[in-house]
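> this is a predicted model, with the sequence first.
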Amino acid sequence: MNSRLAPGVSMSYHEGMAERERPLRGMDIIHDSRSNKGTGFTREERRNLGLRGLLPYQISSQELQAQRVMENFRRKENNMERYIFLRSLEERNERLFFRVLMDNIRELLPIVYTPTVGQACQQFANIFRHAKGFYITPEDKGHIRDILNNWPVEDVRIIVVTDGERILGLGDLGANGMGIPIGKLSLYTAAGGIDPLRCMPVMLDVGTDNTELLNDPLYMGWPHARLRGREYQSLVEEFVFSVQDKYPKALIQFEDFATPNAYHHLKRFRQAVLSFNDDIQGTAAVAVAGLKAALRISGTPLRDLRVMFLGAGSAATGMAHLLTRALMEAGLSEGEARKQVQFVDEHGLLISSRKDLTPQNIEYSVDSEARDFVSAIREFEPHAIIGATGVPGTFSREVVESMAAVQQRPIIFALSNPTDRAECSAAQAYEWSSGRAIFASGSPFQPLEYEGKRFEPAQGNNVYIFPGVGLGAISVAASRISDSMFLAAADALAARVKQEQLERGSIFPPLTELRNISLDIAEAVALKAYEQNLARYPHPDDLRELIQGVMYDPSY
Ligand SMILES: NC(=O)C1=CN([C@@H]2O[C@H](COP(=O)(O)OP(=O)(O)OC[C@H]3O[C@@H](n4cnc5c(N)ncnc54)[C@H](O)[C@@H]3O)[C@@H](O)[C@H]2O)C=CC1
Ligand SMILES: CC(=O)C(=O)O
Ligand SMILES: [Mg+2]
């Protein structure tokens, strides 16, 4: 039993959580999205809360309201309209929004998340209706702790923060990137069962180098070139330590930072603060899980696995790092494991003589005659290629055919988001490999038929990982997040893949299982936290029951 408690950290998840809630009545309750039930208020509630006369007569069950929402949703003409519709629903009736999202996750995920959320970020200023989330600019320097008091919640547990510089594969979107923390946190609630009240989306609005945005009169961010260097780092530092002071139990998820900053923040804060980088670490866990499931199809032992990454930025190097750990668990030395991983980036194979390698690249650089992607594939004969470039078309026909020539069941992960940035489509991967590819993509592709056989392409996205990691970490008040937790998360995810799914070529469990997947991952992460002496709450009698007990239920 571990009962080390940090200052400000109480003995259990619920302790200290009660917010000073003002009793609402009448129109105020209807205008309060957290309390509002719309036509769902019962006759008695209508009498007691001063609602008589303010609502149409009929009382709708939440199920009926959800049905009405989905009918309206499906009538919308395009995905942006659907996105706006869902966000507006959230502003009116938060519980109904989450009910609908949880019950229709397959249909709604591509709207609140990739690909549509990418488009929503690009048009953020045009579709803006209602402030959501917390914005920090360089003008707040020295005052961040103060202004955090403006946030109306006393006990925040999950913060997703971005500075908007690398939004999906769409580049620098400045303050418009706020759509990403908002979207990720919707999934923390829908998949990870985190009460939305405990979630805080944050935009570190340090400007943008996107001149199109700077010249757009509708752009709403701090209208300057990006703050860089020391001033930038010290703003991030002030933010992190202000959050620690105000919310000592909160987990900070860094999201969509440009790679040098992503690694800088990870290195700077991972030991000091409960935090992780989703693009580096969450993506890594989903990739390792996907690879382990794919090897069940191809029959290759994990210790033999050779992987070639296209792209050598935060996502790819994060995956390589965790994969190396997984290979070491399978019995290889670190040196042997690294030899089974290679990278190709926009300048070709990462060879030791190159002068442009980052610290994360150098350890994987090789001595080879091959330079371009296809010749590197022919020489290395990888079992898997994993794309994280943000550049569509980079898994060309020649690339896929080369993979099909060296492997009977080539593993092809085109992980870049949104859909129009994917390295190749599902149809291309199946067609160019004569139906032999084991395929996954960051954004969803529809099921398809190839030569009479039905394929259900899997979505290899960190959405399978971060909600469970966050839930597990905060359920036991972990003091930090370790690599072993991500390996445990990957194993918990891979364990949920059933044989019949593998037969349809799908290497991740159905998205409809996201809540149970997150629960499994949370349990695995929490167990690791106890094992590594990183949990600050005492060990409960039944860990799974404890975690399940804190999961948010939007029903009324
Ligand atoms: N599926 C998922 O869960 C996730 C997907 N991603 C996606 O991964 C992509 C990359 O993200 P980061 O690694 O953070 O970006 P990054 O900018 O750090 O890395 C991009 C890498 O691609 C390389 N590259 C660019 N053009 C290339 C080309 N034509 N051929 C080969 N390599 C090329 C660059 O040299 C760089 O190494 C994004 O599209 C993002 O949406 C990121 C995180 C999670
Ligand atoms: C999924 C994700 O985190 C990304 O594309 O950046
Ligand atoms: Mg991301």
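In hand now; what should we look at? Residues are numbered from 1 along each chain as shown. Ligands and ions are numbered 1, 2, ... in the order given.
> going forward, measure contacts between C-alpha atoms and count neighbours the same way
Fine.
> kindly report the residues of the stretch 401-550 of the chain close to ligand 1.
415-417, 442, 460-462 (CA under 6 Å from any ligand atom).
> mark which of these are buried, thanks.
Buried members of those, counted by 16 or more other CA atoms under 10 Å: 415-417, 442, 460-462.
> quick check, nearest of these to residue 505?
Distance to residue 505 across these (CA to CA) is lowest for residue 460, with 12.8 Å.
> wait, the closest one sits on residue 508?
Yes. Shown here, residue 460 and residue 508 form a contact pair, counting by CA atoms under 8 Å, at 7.3 Å.
> overlap in contacts of these two?
Shared contacts of residue 460 and residue 508, defined by CA atoms under 8 Å, 6 or more residues apart in numbering, comprise residue 290.
> how about low-confidence regions in the protein?
Along the chain, the model assigns pLDDT under 70 to residues 1-10, 16, 18-22.
> in it, which residue sits nearest ligand 2?
Among all residues of the chain, residue 168 sits closest to ligand 2, at 4.0 Å; criterion: CA to the nearest ligand atom.
> returning to that earlier point: mind putting the residues of the stretch 401-550 of the chain next to ligand 1 into TSV with distance to residue 228?
As requested, these are exported to TSV (distance: CA to CA, whole Å):
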residue	distance to residue 228
415	29
416	26
417	26
442	30
460	32
461	30
462	28
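> near ligand 3, from those residues?
When CA under 5 Å from the ion is taken as the criterion, no member of these contacts ligand 3.
> just to revisit the earlier point, just the ones of the buried ones among the residues of the stretch 401-550 of the chain next to ligand 1 in strands?
Of these, none are assigned to strands by DSSP state E.
> from these, pick the one nearest residue 198.
residue 462 (20.8 Å).
> count of neighbours near the nearest residue to residue 51 once chain neighbours are set aside?
Spatial nearest neighbour of residue 51, excluding adjacent residues (CA to CA, 6 or more residues apart in numbering): residue 26 at 5.0 Å. By other CA atoms under 10 Å, 16 other residues sit near residue 26.
> how much space separates residue 26 from ligand 3?
The gap separating residue 26 from ligand 3 is 41 Å, by CA to the ion, to the nearest Å.
> please state the backbone phi and psi of whichever residue of the stretch 51-200 of the chain sits closest to ligand 3?
The nearest approach of the stretch 51-200 of the chain to ligand 3 comes at residue 168, 5.6 Å away (CA to the ion). Phi and psi for residue 168, reported as degrees, to the nearest 10, are phi 50, psi -140.
> and what of residue 413?
Per degrees, to the nearest 10, the backbone of residue 413 is at phi -110, psi 110.
> who's it bridged to?
The partner list for residue 413 in beta bridges (DSSP bridges) reads residue 386, residue 440.
> do you know how far it is from residue 189?
Between residue 413 and residue 189 the computed distance is 27 Å (CA to CA, to the nearest Å).
> okay, buried residues for the helix or strand harbouring residue 119 please.
Residue 119 is part of helix 116-122 when elements are defined by DSSP states H and E. Going by neighbour count (16+ other CA under 10 Å), the buried part of helix 116-122 is 116-122.
> from those, which is closest to ligand 1?
Using CA to the nearest ligand atom, the buried residues of helix 116-122 come closest to ligand 1 at residue 118, 9.4 Å.
> how is the protein carved up into domains?
13-60, 64-273, 281-486+501-514 (automatic domain parsing).
> now do the end-to-end distance for the shortest one.
Here the two ends of domain 13-60 are set 34 Å apart, with distance taken as CA to CA.
> these two touch, right, residue 269 and residue 275?
Yes. Assessed by CA under 8 Å, residue 269 is found in contact with residue 275 at 7.0 Å.
> which one of the two has more residues nearby?
A side-by-side neighbour count of residue 269 and residue 275, using other CA under 10 Å, places residue 275 first with 27 against 18.
> beta partners of that one?
The partner residues for residue 275, given DSSP bridges, come to residue 252.
> so how far does stretch 440-449 reach from one end to the other?
End-to-end distance for stretch 440-449: 16 Å, by CA to CA.
> that stretch near ligand 2 anywhere?
No. Stretch 440-449 does not reach ligand 2 (CA under 6 Å from any ligand atom); its nearest approach is 6.6 Å.
> for the residue of the stretch 351-500 of the chain found nearest ligand 3, what are its contacts?
Residue of the stretch 351-500 of the chain nearest ligand 3, by CA to the ion: residue 462 (8.0 Å). Listed by CA under 8 Å, 6+ apart, the contact partners of residue 462 are 278-279, 282-283, 285-286.
> okay, now the closest residue to residue 259 other than its chain neighbours: neighbour count?
Distances taken as CA to CA, 6+ apart put residue 314 closest to residue 259, at 5.2 Å, once the chain neighbours are dropped. When counting by other CA under 10 Å, one arrives at 27 neighbours for residue 314.
> same check on residue 381?
19.
> now do the same contact list for residue 102.
By CA under 8 Å, 6+ apart, the residues touching residue 102 are 190-191.
> which parts of the helix or strand that residue 528 is a member of are buried?
Assigned by DSSP H and E, residue 528 falls within helix 514-531. Across helix 514-531, burial judged by 16+ other CA under 10 Å covers 514-530.
> which other helices and strands does that helix contact?
Secondary-structure packing of helix 514-531 (3 or more CA pairs under 8 Å, 6 or more residues apart in numbering; DSSP states H and E): helix 466-475, helix 483-495, helix 543-550.
> nearest to residue 447 among these would be which one?
helix 483-495 (20.8 Å).
> up against ligand 1, what does the stretch 51-200 of the chain have?
Selection of the stretch 51-200 of the chain residues close to ligand 1 by CA under 6 Å from any ligand atom yields 168-169.
> need the residues of the stretch 51-200 of the chain near ligand 3, please.
Counting by CA under 5 Å from the ion, no residue of the stretch 51-200 of the chain sits close to ligand 3.
> can you map out the strands along the stretch 51-200 of the chain?
Listed in chain order, the strands of the stretch 51-200 of the chain (DSSP state E, counting those that start in this stretch) span 134-136, 158-162, 199-204.
> so which of those is the most surrounded?
By mean neighbour count, with neighbours taken as mean count of other CA atoms under 10 Å, strand 158-162 ranks first of the strands of the stretch 51-200 of the chain at a mean of 27.
> any chance you could list what contacts it?
177-178, 180-182, 184-185, 198-204, 250-257, 470.
> what's the burial count for residue 225?
14.
> residue 210: what's its closest spatial neighbour, skipping adjacent residues?
That would be residue 172: by CA to CA, 6+ apart, it lies 6.1 Å from residue 210.
> how about residue 221?
Closest to residue 221 by CA to CA, 6+ apart is residue 175, at 5.0 Å.
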